[in-house]
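[1] I would like to see how this sequence folds:
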Amino acid sequence: FIGLGACRLPPQKLSHKHFTMNRHPMMALHHLSLLLCASSSIASAFVGPSSINSARLTTSSSWKEHNNINKIGRSINCPQLHMVEDEDENNPLARGINSVGWLPSVFDASPSRSVFDSSMSSDDDDEETTETLPLFPLGGVVYTPNSEHILNIFEPRYRQMYNDILMNGSKRFVVSMSHPNEEGRFAQVGVLFSLEELKEVSEMTADQVKYICNHRVTGRVKLHKVLNPEAWESRDTYLKVKGTIIDDTGLLDEEKNDNDSDEAMDESIPQSMVAELKKAAAFDAAEKSPEEEALLQSFSDLVELQHDLTEDVRFTRASVKSFGVAAGTEIDPNLWTSIRLWQSYAEQRLVARQNEMQKEFQEKLVEFLKEEMGDGDEELELPSAIGFQDLSPELQNELAELQKRMTSELKPLLLEQTLSMQKILEANDHDDRVELMRYFVDADRKRLQAKKTLKSMFGGGALADEDSETIVEKKEAAKRDEPKQQIFFDEGEDAFQ
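    Predicted structure coming up:
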C-alpha cells in the first residue's frame, strides 16, 4: 500500500520530544492508499525502520530471509553510498558494505554445513566465554542496547524458538542484521534480545500470530559462526550461533543484582523511580572527557545550523543540554540514548524526503479521483484503496518513474544510515563510539554548512541543482500551501524538533 503520507513514522517512545517535522497539508490525507496490483510498492524501494508502523516499534517475523535476493555468487548490485563519495581517508564507511563485519554466508563450503556440536571449539574462540544462542535475523534493521521492541511471532520455526527459550529459562536470543545483497549472511555483531513479556494470541488471530512479545536489548553479541547452516534452506528450525556476549552497558549486571537491591529497598518507594533519580543526578555530576566535549560541541553546532536553515527535520535547542555522551547505563541520558536519538533523526529525514518526492504524484492522484468520482464535490469521501490498473495511463507512467527515482535516491541513503548504526554497534569500546558519533554528526554539519553557503550565494533560496525558475515556483507553492509545523513530544521538556 502507498498512502498519502502513509510512510510517516508515528511518535515513538524514545525521542520524538526532541525534534520537529514540517509537514505539507497534503500529508494529512493519509487515509488514501494506493494498492499496487501490477507494480511493486514504492515502500519496497527501501526496507528498514522508517517503514515500521507502531508506537513501540513492532517488527514481524514475516521478514523473509530470502527477500528476493540471490544466493552468494549471484548477489544483486548494491547502491553507492553518498558518504563514500567524499575523499576522506578517515571515513568509517569508505569500504561501503564491507566497512562492517559479516559472517561467512551459510552457503559457503567452509565451515561444513553439518551441525556443529556446541562443545566444539575453534582456534580463535575461547570456549569459556562463548555461548550457543538462537539467531533471529530481522532484515536490515540495526537495534541498539537498552531499547525495547515488540515482535509478532507466527512462523513455525520461531514459535519453536520461543517455546525453547521459555522451557530452558534463558529467555534470550541474538538479533543480527542481514546482508543487504547476499542471502544467508549476517552481521558479525548483533544484540541480545531478552524476553520481558509474552502474550499468547493464537485464538484471537485464528492462529495467524502465535505470540506478541516484548523485549529489552540487554547487550551486544559477537557472532563467531552459524552452528546449523543447513537450517537456513530447510527452514525446519531456527538458526543457532556460537557467540560471545558483550555487556558494556551494565544491563546484564543490573539483572543479576535485582534481587539484592529489592531486599535493601524501602518498599514504599518504587525501585524504578529511585533508579531514574540516581541516573539523572549522575548525568548532572558526570565529568566529560575532551572527546565527549568535542562531540557535544559538534552536536550543538549542528542544531544551530538546522535552526538557521529551518530544516524540515531538526533537533530543538533544548536537546543540546540533554544530549548524553556517558558510557554505560548508570547515567541517563547516555551515549546509547543519543545513538538511538540520532538513528531516529536519520529515519525521519528519510521519511520527509520520501513524502516530498510523493507530494506531486499525490496531488495528481487526488485530482484524478475527484474527477472520476464526483463533479468537484469538496466533501467527496475518497476511497481507502485503488488498484494500479484503475489509474490513468499517465498516472501509471508517473508512478513507475517515481518508483525508479525513489529507489535510486532513497535506497543509498537508507543503506548509509543502516551501516552507520552497525558500525557504531560493532565499535570496540566507548571511546570508539564517541569518535564515530562525532564523525557522523560532523558529516551532517558539513552538509548543512555547504547548503547554507549555497543559499547565501543564491539569495537565500536556492540549492546548487536548482535554477531561478524552480526557486520561484517553490516560493509560490510555499505561499499557497502554508506548511504547518508539527512537534512530536512525550513527557518532559520538549527537546527535539
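[2] next secondary structure after the lengthiest strand in the chain?
    Counting by DSSP state E, the longest strand found in the chain is strand 211-226. Downstream of strand 211-226, the next assigned helix or strand under DSSP states H and E is helix 231-234.
[3] would you mark the buried spots in that following helix?
    231, 232 (16 or more other Cβ atoms under 10 Å). (Each C-beta comes from the backbone N, C-alpha and C, glycine too.)
[4] now for that helix, which elements pack on it?
    If contacts are counted by 3 or more Cβ pairs under 8 Å, 6 or more residues apart in numbering; DSSP states H and E, helix 231-234 sits against strand 239-246.
[5] residues in contact with the strand it packs on?
    106, 116, 118, 125-126, 129-135, 137, 174, 190, 192, 219-229, 231-232, 252 (Cβ atoms under 8 Å, 6 or more residues apart in numbering).
[6] tell me which element residue 401 falls in.
    helix 393-425.
[7] got the buried residues for that helix?
    For helix 393-425, burial by neighbour count (16+ other Cβ under 10 Å) applies to 395, 398-399, 402-403, 406-407, 409-425.
[8] that helix - contacts with which helices or strands?
    Judged by 3+ Cβ pairs under 8 Å, 6+ apart, helix 393-425 is in contact with strand 189-200, helix 335-373, helix 430-457.
[9] per-residue confidence at the residue lying closest to residue 311 once chain neighbours are set aside?
    In space, not counting the residues next to it along the chain, residue 311 is nearest to residue 448; the distance is 7.3 Å by Cβ to Cβ, 6 or more residues apart in numbering. Model confidence at residue 448, given as pLDDT, is 95.
[10] before we move on, what about the one 3 residues further on?
    Looking at residue 451, its pLDDT reads 93.
[11] pull out the buried residues from stretch 442-450.
    Buried positions in stretch 442-450, judged by neighbour count with 16+ other Cβ under 10 Å: 442, 443, 444, 445, 448, 449.
[12] try stretch 219-239
    Applying 16+ other Cβ under 10 Å to stretch 219-239 flags 219-229, 231-232, 237-239 as buried.
[13] try stretch 288-305
    For stretch 288-305, the neighbour count (16+ other Cβ under 10 Å) marks 292, 294, 295, 296, 298, 299, 300, 301, 302, 303, 305 as buried.
[14] check the average confidence over it, would you?
    Regarding stretch 288-305, the rounded mean pLDDT is 95.
[15] looking at the helices and strands packed on helix 393-425, which is closest to residue 165?
    The minimum distance between residue 165 and the helices and strands packed on helix 393-425 falls on strand 189-200, with 6.7 Å, by Cβ to Cβ.
[16] and the closest one, what does it pack against?
    On a contact count with 3+ Cβ pairs under 8 Å, 6+ apart, strand 189-200 meets helix 156-167, strand 172-175, strand 211-226, helix 393-425.
[17] name the nearest residue to residue 173, ignoring sequence neighbours.
    residue 134 (4.0 Å).
[18] return the list of helices and strands in contact with the helix or strand harbouring that neighbour.
    Per DSSP H and E, residue 134 falls inside strand 130-135. The contact analysis (3+ Cβ pairs under 8 Å, 6+ apart) places strand 130-135 against helix 156-167, strand 172-175, strand 211-226, strand 239-246.
[19] next structured bit after that strand?
    As assigned by DSSP H and E, the chain's next helix or strand after strand 130-135 is strand 148-153.
[20] any idea how far residue 405 lies from residue 396?
    Residue 405 is 15 Å from residue 396, where distance means Cβ to Cβ, to the nearest Å.
[21] can you list the low-confidence ranges for the protein?
    1-87, 109-128, 248-286, 374-380, 459-497 (pLDDT under 70).
[22] re the thing from before, switch the helices and strands packed on strand 189-200 over to CSV; also include distance to residue 371.
    As requested, the helices and strands packed on strand 189-200 are exported to CSV (distance: least, Cβ to Cβ, whole Å):
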stretch, distance to residue 371
helix 156-167, 47
strand 172-175, 48
strand 211-226, 43
helix 393-425, 11
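[23] and the ones you listed: which comes nearest residue 196?
    Among the helices and strands packed on strand 189-200, the nearest to residue 196 by Cβ to Cβ is strand 211-226 (5.0 Å).
[24] now the angle from the closest one to helix 393-425?
    Between the axis of strand 211-226 and that of helix 393-425 there is an angle of 60 degrees, by axes from the mean of the first three to the mean of the last three Cα atoms, to 10 degrees.
[25] what strands line up against strand 211-226, and which way round?
    Here strand 211-226 is paired, per DSSP bridges, with strand 148-153 (antiparallel), strand 189-200 (antiparallel), strand 239-246 (antiparallel).
[26] for residue 345, find the nearest of the ones you listed.
    strand 148-153 (18.6 Å).
[27] buried set for that closest one?
    Under the neighbour-count criterion of 16+ other Cβ under 10 Å, strand 148-153 has 149, 150, 151, 152, 153 buried.
[28] give me the phi and psi for residue 210.
    Dihedral pair for residue 210: phi -90, psi -50, per degrees, to the nearest 10.
[29] distance of residue 300 relative to residue 306?
    For residue 300, the distance to residue 306 equals 11 Å [Cβ to Cβ].
[30] try residue 314
    Distance, residue 314 to residue 306, by Cβ to Cβ: 4 Å.
[31] out of these two, which sits in the more crowded spot?
    The residue with more neighbours, out of residue 314 and residue 306, is residue 314; 26 against 23, by other Cβ atoms under 10 Å.
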